[in-house]
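Novice: Model the structure of this input:
(2 chains)
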Amino acid sequence: MDSALLVHRLHFAFTVTYHYLFPQLTMGLAPLILILKTLAIRKNDERYDRAARFWAKIFGINFVIGVVTGIPMEFQFGTNWSHFSRFAGGVIGQTLAMEGCFAFFLESTFLGLFLYGEKRLSKTMHWFAALMVFLGSWLSGYFIVATNAWMQNPVGYERGADGSLQLTSFWQLVLNPWAWLQYAHNMSGSVITGGFVMAAVGAFYLLSRRHVEQGQIFVRVGVIAGLIFSVLQLFPTGDWAGRMVAERQPVTLAAMEAVWETSPGAPLVILGQPDVAQQKIDNAIVIPKMLSFLTWRRWNAEVKGLNQVPKEDWPDNVPLLYYAYHIMVGLGTIFIAVSVVAGFLLWRDKLYQARWMLWILLLMFPFPYIANTAGWMTAEIGRQPWLVYGLLRTADGYSKMVSAGNGWFSLLGFMGMYTVLSLLFVFLVRREIERGPDPAPDPMQPKIKAGSVASVEVR
Amino acid sequence: MATIWFMIVAVMVAMYVLLDGFDLGAGALHLIIARTDEERRTVLRAIGPVWDGNEVWLLAAGGTLYFAFPLLYASSFSGFYLPLMMVLWLLMLRGIGIEFRSHIGDPMSKLFFDVIFSVASILLAIFFGAALGNVVRGVPLGPDHYFFEPLWTNWRVGEQNGILDWYTVICGVVALVTLTLHGALYLATKTEGDLNLRARKAASVLWPVEMLLTIVSFVATVLVVPHVLENYSKWPIGYLVPVVVFASLGYMSYAHNKGNDKGAFLASCGYIVGMLVGAAFALYPNVLPASTGPEYSLTIFNTAAGSHGLRVGFVWWTLGMLLATGYFVFIYRMFRGKVRLEEGSGHGY
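Specialist: A predicted model of the protein is given here:
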């Protein structure tokens, strides 16, 4: 592999992986904060206001880091992938610019209002600000997913006179079927992160017997969200995503599942290590015929194998793709199991006392991040060797004028910068968690409105 | 259509410079005019609710440039690789300085974050000026429309251009002074007491420097790139631009001496817009002239995206901007007036 190409790929992979740790939490928390604000108004209960205020602080820290690590993503299309930008900018420039024009302004304006304006705004207006922050962050997600979806499944374009692609149908680009399915799967994944993180912080408070009343709210809202979205993540969204890959990128599916030969009644590999040289799987544990059924709904359906296409059209890192995909699916299954048990205990009113379960919830928080990252690795490594599927190879898309030396310079710089950011982030989030949500207002003070009285009965 | 998008991108860049310009200027002055912790918090409070939204204009302008002129984006971003990477790091450091200072209590870390905020603001102002200088001067574009510039070569304007040479350094200094003055005038409108006095004093000191540098930069530009005058002789209406620039400078001084801080700030806005429009007017229809020969220059015509895309974009862009303007008016009204620290909020600086 040309070393400049390798550096540019690592550059994007590193910065985008790091970046997405933050938006997945903000996109996941945004609807949960909105739910807390809604509960506060509907039940006229200030406990939920305090919960929302606490999570807004965590949201704010993540948002800032999401913004500052997001700017380099947009820049890199031009700096490191200039040929790709020249080739495809006439199409995907649309979705990227729309993100700037619609989502960023919305999100940053109303986040400022939500964080700084609680005292100046009426309750309804503050709720409205939360709604707009939610809309802004989810709109932003849509435009980014639509951009990626176009790279996976290019639609609505034609080739211009100079060989670059130009938009012919705005609606095909925006309503790309791949985009809708990928979006559903991706957003559900981010709410899993939001829910599990919220539940983990709640479990931490319950286990350390502090902020008990708020901890119970966090665990309850987090577990319910985690349960609903872990199930949606598998079915229907994961199912949709898998079948779409089978239909439009059969080579990718073959590499994800390490299917070497086209065969009817293909088994589903649960565990095992792929050996690309010998085209086999070591230590395989399989469910016979399951893969055929999952993709085509028939036990004996034919699943295309890697032998269908010449090796130069295979994803260039089959083992990594295979593991990324299996880690995603494996963790997704664990999330369902954990949230079903936690949800059952919650329903029987036993969750807050079940310390073993709270420990599990606490320790679960890193795994949704890993699963979301693995999911994106599946999408991105799976698309290789293409940058725009079937149209532009990754090896042809990078900036030829930017040498490997300059690429390493900035990659190392970003690594250093992100180390500093990580330290600050951990420090700040830890401090917010240490400090905890605001204490319940003193019921003796006459200023407090009705409804807050209920909050003093701490268990 | 391409001309319309050229104007749109120019307007968005101007919006960014006007809005983030006062943040950057306030940052450049931060260590000098705000001495106590309270004053520094006041400065941050004055820009806190808006800096992030202001920076969004940079992203939106970048995104619009990408969509309307993909080849220009590809060529200029890869060619200016090193300075852009540094701009990214500086933007990050600046965000860290602003946002994290309030979260960490001890005076030593506060000073650390203040220094980061201020130094990053100063360097960004210089970088942006130098970038504009590069665009006006031209870059060594090859027949494939790509180029690459090292940070500096021999500091001379010639065949072997670096990002920095004597001309672009002048542009960087002009930008620093302009934005610092802009920031001083903004702070004067937003603060009271000693801080207000010092902001006003800074403005008084900077004004003559800006006057001098404006003349120097005009002369230098005409010396380095004589053909900038072509468009002015073709469409003499362009001569209004220097009139606006100097009229703004004159009114700035007049309003400032009268104690009309708002008027002076608006004059500074007029000055910045005048300078940028002057540059855009001189360049048109080039967007990135080639120092290697005019046949390699990037123009709005050879870099524009397809016409269907540009037409569709015009519809949603108009809609998006109407919405964004609405939000901005709303939030500036919410946070209007002088900044006072006692107005507490959960997430204060």
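
Novice: What backbone torsions are found at the residue in the stretch 151-300 of chain B that chain A sits nearest to?
Specialist: Going by CB to the nearest CB, chain A is nearest to residue B:151 of the stretch 151-300 of chain B, at 10.5 Å. (Glycine included, C-beta is placed from N, CA and C.) Dihedral pair for residue B:151: phi -60, psi -50, per degrees, to the nearest 10.

Novice: With the one 4 residues further on instead?
Specialist: Recorded main-chain torsions at residue B:155 are phi 60, psi 10, according to degrees, to the nearest 10.

Novice: residue contacts, it?
Specialist: For residue B:155, the contact set (CB atoms under 8 Å, 6 or more residues apart in numbering or on different chains) comprises B:162, B:164-166, B:169.

Novice: Contact partners for the nearest residue to the residue of the stretch 151-300 of chain B closest to chain A once chain neighbours are set aside?
Specialist: Nearest non-adjacent residue to residue B:151, counting by CB to CB, 6 or more residues apart in numbering or on different chains: residue B:163, 5.2 Å away. Taking CB under 8 Å, 6+ apart, we find residue B:163 in contact with B:80, B:82-83, B:130, B:134, B:149-152.

Novice: Drop anything exposed from the residues you listed.
Specialist: B:80, B:82-83, B:130, B:134, B:149 (16 or more other CB atoms under 10 Å in any protein chain shown).

Novice: Now do the helices in the stretch 101-250 of chain B.
Specialist: Using DSSP state H, counting those that start in this stretch, the helices of the stretch 101-250 of chain B run over B:107-137, B:166-190, B:193-224, B:229-234, B:240-257.

Novice: Could you single out the most deeply buried of these?
Specialist: helix B:166-190 (a mean of 25; mean count of other CB atoms under 10 Å in any protein chain shown).

Novice: Show me what that one is packed against.
Specialist: Judged by 3 or more CB pairs under 8 Å, 6 or more residues apart in numbering or on different chains; DSSP states H and E, helix B:166-190 is in contact with helix B:2-33, helix B:37-68, helix B:107-137, helix B:193-224, helix B:261-283.

Novice: now that helix against helix B:37-68, angle please.
Specialist: 130 degrees (axes from the mean of the first three to the mean of the last three CA atoms, to 10 degrees).

Novice: between helix B:166-190 and helix B:2-33, how many degrees?
Specialist: 70 degrees.

Novice: Next one, pLDDT for residue A:332 please.
Specialist: As predicted, residue A:332 sits at a pLDDT of 95.

Novice: got a list of what it touches?
Specialist: Applying CB under 8 Å, 6+ apart, one finds that residue A:332 lies in contact with A:230, A:233-234, A:238, A:371.

Novice: so which helix or strand takes in it?
Specialist: helix A:318-347 (DSSP states H and E).

Novice: Give me the buried stretch members for that helix, please.
Specialist: A:318, A:320-332, A:335-336, A:338-339, A:341-343, A:345-346.

Novice: who in the stretch 351-459 of chain A is up against chain B?
Specialist: Counting by CB under 8 Å from any CB of the partner chain, the residues of the stretch 351-459 of chain A lying close to chain B are A:399-402, A:406, A:409-410, A:413-414, A:417, A:420-421, A:424, A:427-428, A:431.

Novice: For whatever residue of the stretch 201-350 of chain A ends up closest to chain B, give me its contacts.
Specialist: Proximity of the stretch 201-350 of chain A to chain B (CB to the nearest CB) peaks at residue A:214, 15.2 Å away. Remark: with contacts taken as CB under 8 Å, 6+ apart, residue A:214 is in contact with A:47, A:50-51, A:54, A:202, A:205, A:436-437.

Novice: do the same with residue A:132
Specialist: A:106-107, A:109-110.

Novice: now chain B, which segments are flagged as low pLDDT?
Specialist: B:49, B:105, B:159-160, B:335-349 (pLDDT under 70).

Novice: go on, the stretch 351-459 of chain A?
Specialist: A:442-459.

Novice: Provide a list of residue ranges in chain A with pLDDT below threshold.
Specialist: Checking chain A against pLDDT under 70 turns up A:1-2, A:442-459.

Novice: And residue A:141, how far from residue A:190?
Specialist: Separation of residue A:141 from residue A:190 (CB to CB, to the nearest Å) stands at 7 Å.

Novice: do residue A:64 as well
Specialist: 18 Å.

Novice: Relative to chain A, which residue of the stretch 101-250 of chain B is the closest?
Specialist: For the stretch 101-250 of chain B, CB to the nearest CB, closest residue to chain A: residue B:148, 4.1 Å.
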